[in-house]
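Student: what follows is a predicted structure for the sequence shown.
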Amino acid sequence: MSEPHDTVLVNRPQDLLRTIDLTAQPRVGALPVQPAGHPAGSDALSTGPIDLTAPVPDSDTAWLPRYVTTLVALDSLAMLLGGLLGFFVRFDSLDGDMPLTGGLTNVTYTHVLLVAVPLWVLTMVSARTYEARFLGLGSEEFRRIANAAAYFTAVVAMLVFLLKLDIARGVFVITLPAAAILTLMFRFVARKILHRIRTDGLATHRVLVVGSREARGDLVRRLRAAPHSGLHVVGVAQATSHTADGTPSIDVMLQLASSLKADTIAVTYSPEITPSLIRELAWSLEGTGISLLVAPALTDVAVPRVSIRPVSGVPLLMVAEPVFTGWRKVAKAAFDVVAAGLGLLLISPVLAVLALAVRLSGPGPVLFRQTRIGKDGKEFRMFKFRSMVVDAESRLADLREQNDHGDSGVLFKMREDPRVTPVGRILRRYSFDELPQLFNVVLGHMSLVGPRPPLPAEVAQYERSAHRRLLVKPGMTGLWQVSGRSDLAWDESVRLDLYYVENWSITLDTEIIAKTALAVARGSGAH
C-alpha cells in the first residue's frame, strides 16, 4: 500500500477541496497527487520513500452481510454435526426417528435437532456474536460464543424440565460441548480466511487518520503492520478546532472523508481534539455510513489488562499491573519443565542425528556454550548446536561493518555470514540449533516462551526501558520469533519483548508456541 499524503487542514474549505479533489487532478494509484510544496518521495510519517504507484483498495461494504451469512451457516452446521455426533455416540446409529418419552408425544430426536439448530443461531444473535465490531479481530467474539453456549445449555435444560422431555443424558452431554467446540473452530477458520482476503486487499475499509503529526504517524505505522485488520489509510489530517476563516474542522473533515471516499475516520491524540469535538463528530457521522474509531494514547497494553470504569459518563480505562508472581508464574514454570522434559525424551533420536551431523561438519565441539543474561540479570550458560566455525568469535570484529542492523551497535546479524557452516545454515533455517536449549529450560535458566536471551555486551548497551526484558526468564521462542526473527529491527525486537513482559499469559504463550511451529516450518527470517 502506498504512503498516505500528509493532508493539512488549510485556511479555506474550497482550497482544501482543490487540493484533494480526485476528479480535478491526475490520480496516481488511488491517492491524489501530493499537495504543492510537499517534498516528492518523502514524508514525515514515512521511514523511507513514498510509493504512489500501489493502489489503495476501495472499501467493500458488501463483505459484512456475506461474512455474517457464512457465519450463520457455519454455526448451524456446528449444531447439526454436534447433534448427529451425540446421537451416534449414544445410540450407535444416525436414525433420529427414535421417539422421546415424557410429556410430549410423537416427538423424535430429529424434531429436537431441527429446533436446536435455529435456537442455537438465535442464541448467538442474542449474544451479539454477529456484530461487525466483534468480528475479525480480538478475543471478544470467542468469549461471547462461549457465553452463548453456556446460556443455550441453561435454556435447553429448562425446556427439558418444563416439557418433561426424557432426552438421553449421553446425547445432551456430547452434543452441546461438541457444538460449542465446532462453532469456535469454524469461526477461527473463517477469521483466518477473512484475514487472508484482507491482506489481498478485499473486505477493507478506507481510513482517514486525524490527530497530531506524531500520534497519527504512529497509528499509520501500526495499521500498516496489520493488513489483516482491513483498515487501509488513504489520508491523514491535522486536527484543529476551526480553520483560519472560522469553519468548524468537523465540516472540513467530513468533506475530506467524502473526497477520499473514506468510510472510517480514526481519531488519535492531539491537544486540539477535545471530548466535545469527538462527541460532535460522532453526531455528525450519524447516517453518513462513516464509522468513527478513537485511538487512546495508551499503547502496547494487552486487552485483558484493560477494563472500563464509567464515572459520571466518562469511560475511564483502568490498566492492571503486570503479573510477575503468583500461581500463574508457578503454573508456567511447571509447564516449562514438564514440556521440556517430555520434549527431550521424544526428540532424543533427532538430537542424536543432529549431533552427528555437527560432528561431521568440521572440527570443533558439538555443543556451543555461550554466556547469556537471564532473569534479574543473572548469567547462565546457554546451549546450542554449533553452527559456525571454531574461530567465529575472533572473526566478528572484521564483520561489524556488515551488520544487517546497521549502526544500532547492540545486535549483530548478517544474512550471509561467512562464519556459518553449510550444516549450520540448515540448522539455523529451521531453528534446529536451538533444540539443546530444552536443557536450559529443564535447569530453570530459560522458559519455553519469553524475551530473547541477550548477551552481556548487549545488556551493557541497553537503554533504561530495555532492562525490563530481564524481569522474566528468557525464552526459546517469543513474539520476536514469530514476528520476523532475524529480519526484525532492534527497536522493534525490544518493543515486542517489552510487550510480552508486560502482558504475558498462558493463552499468549500457547498462541506463540503454535505460531513458532509455523514460522520454523517456513524457515522465514532465519539466518
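Tutor: Perfect, I can see it now.

Student: just name the shakiest helix or strand of this protein by mean pLDDT.
Tutor: Sorting the helices and strands of the chain by mean pLDDT, DSSP states H and E puts strand 27-28 at the bottom, at a mean of 28.

Student: show me the contacts for V366.
Tutor: V366 makes contact with 355, 358-359, 385-386 under the criterion CB atoms under 8 Å, 6 or more residues apart in numbering. C-betas here are computed from N, CA, C, even on glycine.

Student: of those, buried ones?
Tutor: Those of the contacts of V366 that meet the buried threshold are 358, 385-386, by 16 or more other CB atoms under 10 Å.

Student: ok, of those, which one's closest to V115?
Tutor: Nearest to V115 out of the buried ones among the contacts of V366 is F385 (CB to CB; 59.9 Å).

Student: is it true that the closest one touches R369?
Tutor: No. Counting by CB atoms under 8 Å, F385 sits too far from R369 to count as a contact (11.2 Å).

Student: I'd say R428 and V420 touch.
Tutor: Yes. R428 lies in contact with V420 (CB under 8 Å); the separation is 6.8 Å.

Student: compare the two (neighbour count), which wins?
Tutor: Between R428 and V420, counting by other CB atoms under 10 Å, R428 is the more crowded of the two (23 against 19).

Student: next, the more buried one: secondary structure please.
Tutor: Put simply, R428 is helix when judged by DSSP: H, G, I helix; E, B strand; the rest coil.

Student: H232 now?
Tutor: Classification of H232 by three-state DSSP places it in strand.

Student: ok, it - how many residues close by?
Tutor: What H232 shows, counting by other CB under 10 Å, is a neighbour count of 24.

Student: go ahead and confirm it touches L208.
Tutor: No. Checked against CB under 8 Å, the pair H232 and L208 is beyond contact range at 10.8 Å.

Student: so how far is stretch 471-478 off the chain centroid?
Tutor: Centroid separation between stretch 471-478 and its chain, computed with CA atoms, centre = their mean, to the nearest Å, is 19 Å.

Student: now do the buried residues in stretch 196-203.
Tutor: Result for stretch 196-203 [16+ other CB under 10 Å]: buried residues 197-198, 201, 203.

Student: what pLDDT, on average, does it get?
Tutor: Mean pLDDT, stretch 196-203: 86.

Student: straight-line length of that stretch, end to end?
Tutor: Counting by CA to CA, to the nearest Å, you get 10 Å between the two ends of stretch 196-203.

Student: contacts for that stretch, please.
Tutor: Stretch 196-203 has contacts (CB under 8 Å, 6+ apart) with 57, 60, 63, 67, 136, 194, 204, 227-230, 232.

Student: centre of the chain versus that stretch, how much separation?
Tutor: 16 Å.

Student: other residues contacting the helix or strand containing V112?
Tutor: V112 is part of helix 109-126 when elements are defined by DSSP states H and E. With contact meaning CB under 8 Å, 6+ apart, helix 109-126 is reached by 72, 75-76, 78-80, 83-84, 87, 96-98, 100, 130, 145, 148-149, 151-152, 155-156, 165, 167, 171, 175, 179, 183.

Student: again with stretch 332-352
Tutor: Looking at what lies outside stretch 332-352 - CB under 8 Å, 6+ apart - the contacts are 435-436, 438-439, 441-442, 444, 447-448, 506, 509.

Student: separation between R224 and A519?
Tutor: As judged by CB to CB, to the nearest Å, R224 and A519 stand 21 Å apart.

Student: the two: who's more crowded?
Tutor: The neighbour count for R224 versus A519, taken as other CB under 10 Å, is higher for A519 (19 against 16).

Student: low-confidence stretches in the stretch 351-500 of the chain?
Tutor: Residue ranges of the stretch 351-500 of the chain with pLDDT under 70: 394-395, 397-415, 484-488.

Student: try it again at 50.
Tutor: Filtered on pLDDT under 50, the stretch 351-500 of the chain yields the residue ranges 407.

Student: strands along that one, start to end?
Tutor: Assigned by DSSP state E, counting those that start in this stretch, the strands in the stretch 351-500 of the chain fall at 367-373, 379-385, 447-449, 475-477.

Student: out of the ones you listed, flag the one nearest V459.
Tutor: strand 367-373 (4.9 Å).

Student: give me the sheet partners of that closest one and which way each runs.
Tutor: Using DSSP bridges, strand 367-373 pairs in its sheet with strand 379-385 (antiparallel).

Student: how is the chain carved up into domains?
Tutor: The chain breaks down into these domains under automatic domain parsing: 6-47+204-297, 63-198, 327-522.

Student: could I get the ones you listed as CSV with distance to I308?
Tutor: Converted to CSV, the domains of the chain look like this (distance: least, CB to CB, whole Å):
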stretch, distance to I308
domain 6-47+204-297, 11
domain 63-198, 13
domain 327-522, 18
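
Student: what's opposite V233 in the beta bridge?
Tutor: Taking DSSP bridges as the rule, V233 bridges to V207.

Student: what about it, how many residues close to it?
Tutor: Residues within reach of V233, counting by other CB under 10 Å, total 27.
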